[in-house]
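Colleague: Here is my input, please return the structure:
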Amino acid sequence: MAARPITIMGIFVADLAFRTPKLPAWGETVLALGLNLGPGGKGSNQAVAAARMGGTVAFISKLGRDPFGDMARKLYAEEGIDTRFLLETSEHATGAATILIDAVKGDNSIVVFPGSCAHLTAEEIDHARAVIGNSGIFMTNLELPVPIVLHGLRIARELGVTTILNPAPAVSIPDEIFGLCDYLTPNETEAAGLSGLPVATLDDAKIAADALLARGCPNVVITLGGRGALIRSKTVSRHVAAIEVGSPVDTTGAGDAFCGAFAVALAERTDLVGATRYGCAAAGIKVTRRGTAPAMPKRSEVEALLAKLGGSG
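Modeller: The predicted structure follows:
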């Protein structure tokens, strides 16, 4: 059976990534060990990740008419992403993100300014109804304003499209959003923020996931970094171990790699456990590479890794 198309709604920003020996305190200056400028933004990263996994991907967003916007357009042309609803504005500049990466552990802290993407309107999303309705999967995240996220999810639900919300970053959201999500994919910090509960252990994650299920989302997958992912639904409770490929050098974009691969697997009608393992494999490869979108693995790499480990299920 043919895979269904995927529509992703989110932001593009230019990533300025600094590798540092430590995170600076307020008022402190730290000399960086390296700097990289490249394409980023969760929605954009997820679109690239899904396209590299073999998905047929459309991206809904808004760019400024500036060099950062040109960077995005070049990326999507190279990756074969449908940009019919990649809108433009001359009133607002394309956004940017500052990423501080621990040069030893590979962990990161990120500050994002969405720029032009924050000015995407409900009316503009309405114009994309046909592409959303033709999709098997609609995925979005919380780097866009919550009312816009809610509007996109409502359209997808009205059109009978399976929905994924990556609730990143963790912000306050209305209960209605949970009922519009078929799949919720927070990390530990986001699960804790949304549930109001600690997520330090696997048992904590199960309790937090149950609290999120109670708010109306039927499937919760909490990504746990080096511990893999926890699946919780009415019919499935499963811990999927992380898939380690090598020593992590940069965890930035690992969640986006997971989400892109996860969405493609669901679009191909893979079961929830298999889709989660697929996502873990993509994330496991990504953390061994520096950068975000350019570091997303290709399908052949993920499938070779899973074959080596004994399959995708």
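Colleague: drop to CA atoms for contacts and neighbour counts, all remaining ones
Modeller: OK.
Colleague: which residues touch the residue positioned nearest the centre of the chain?
Modeller: Among the residues of the chain, Asp256 comes closest to the average C-alpha position under Cα atoms, centre = their mean, at 3.4 Å. Applying Cα atoms under 8 Å, 6 or more residues apart in numbering, one finds that Asp256 lies in contact with 42-43, 45-46, 49, 283.
Colleague: Pro297 against Val48, yeah?
Modeller: No: in this structure, Pro297 sits apart from Val48 without contact. The criterion is Cα atoms under 8 Å, and the distance is 9.5 Å.
Colleague: For the contacts of Asp256, name the two members farthest from one another.
Modeller: The largest distance within the contacts of Asp256, taken as Cα to Cα, falls between Gly43 and Ala283 and amounts to 15.6 Å.
Colleague: circling back to that earlier point, compare neighbour counts for Pro297 and Val48 and give me the winner.
Modeller: Val48 (33 against 23; other Cα atoms under 10 Å).
Colleague: Go ahead and confirm that one touches Lys298.
Modeller: No: contact between Val48 and Lys298 fails when scored by Cα under 8 Å: they sit 9.8 Å apart.
Colleague: pretty sure the residue nearest to the centre of the chain is in a strand, no?
Modeller: No: membership of Asp256 in a strand is not supported by DSSP: H, G, I helix; E, B strand; the rest coil, which gives helix.
Colleague: From Val57, how far off is it?
Modeller: Taken as Cα to Cα, to the nearest Å, the spacing of Asp256 relative to Val57 amounts to 14 Å.
Colleague: same check, this time on Ala200
Modeller: With the distance defined as Cα to Cα, Ala200 ends up 35 Å from Val57.
Colleague: So between the two, which is more surrounded?
Modeller: Ranked by neighbour count (other Cα under 10 Å), Ala200 and Val57 place Val57 first, with 27 against 12.
Colleague: Who does that one form a beta bridge with?
Modeller: Going by DSSP bridges, Val57 is paired in beta bridges with Ile6.
Colleague: what's the spacing between stretch 56-71 and its chain's center?
Modeller: 16 Å (Cα atoms, centre = their mean, to the nearest Å).
Colleague: First-to-last residue distance for that stretch?
Modeller: Between the opening and closing residues of stretch 56-71 lies a distance of 21 Å (Cα to Cα).
Colleague: Correct me if wrong: Tyr76 contacts Asp70.
Modeller: No: with contact taken as Cα under 8 Å, Tyr76 and Asp70 are classed as non-touching, separated by 10.1 Å.
Colleague: out of the two, which sits in the busier spot?
Modeller: The residue with more neighbours, out of Tyr76 and Asp70, is Tyr76; 19 against 13, by other Cα under 10 Å.
Colleague: Could you name the helices and strands sitting against the helix or strand hosting the more buried one?
Modeller: In this structure, Tyr76 is located in helix 67-79 according to DSSP states H and E. In terms of contacts (3 or more Cα pairs under 8 Å, 6 or more residues apart in numbering; DSSP states H and E), helix 67-79 is packed against strand 34-40, helix 42-52, strand 94-102.
Colleague: of all the ones you listed, which lies closest to Ser233?
Modeller: Taking Cα to Cα, helix 42-52 is the member of those nearest to Ser233, at 23.5 Å.
Colleague: helix/strand/coil for the closest residue to Gly38 other than its chain neighbours?
Modeller: Take Gly38 and drop its neighbours on the chain: the residue closest to it by Cα to Cα, 6 or more residues apart in numbering is Asp15, 5.2 Å away. When states are read from three-state DSSP, the local structure at Asp15 comes out as strand.
Colleague: Check the spacing between Asp15 and Phe138 real quick.
Modeller: In this structure, Asp15 and Phe138 are separated by 25 Å, where distance is defined by Cα to Cα.
Colleague: Which of the two has more residues huddled nearby?
Modeller: Phe138 (30 against 24).
Colleague: helix or strand for the more buried one, which one?
Modeller: When secondary structure is defined by DSSP H and E, Phe138 falls within strand 137-141.
Colleague: What strands line up against that strand, and which way round?
Modeller: Determined by DSSP bridges, the sheet partners of strand 137-141 are strand 6-9 (parallel), strand 162-166 (parallel).
Colleague: any chance you could map the helices in the stretch 201-313 of the chain?
Modeller: In the stretch 201-313 of the chain, helices defined by DSSP state H, counting those that start in this stretch lie at 202-214, 254-267, 272-286, 299-309, listed in chain order.
Colleague: Can you lay out the ones you listed as JSON lines showing distance to Pro145 and mean pLDDT?
Modeller: Putting the helices of the stretch 201-313 of the chain into JSON lines (distance: least, Cα to Cα, whole Å; pLDDT from 0 to 100) gives the following:
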{"stretch": "helix 202-214", "distance to Pro145": "21", "mean pLDDT": "97"}
{"stretch": "helix 254-267", "distance to Pro145": "19", "mean pLDDT": "98"}
{"stretch": "helix 272-286", "distance to Pro145": "26", "mean pLDDT": "98"}
{"stretch": "helix 299-309", "distance to Pro145": "31", "mean pLDDT": "95"}
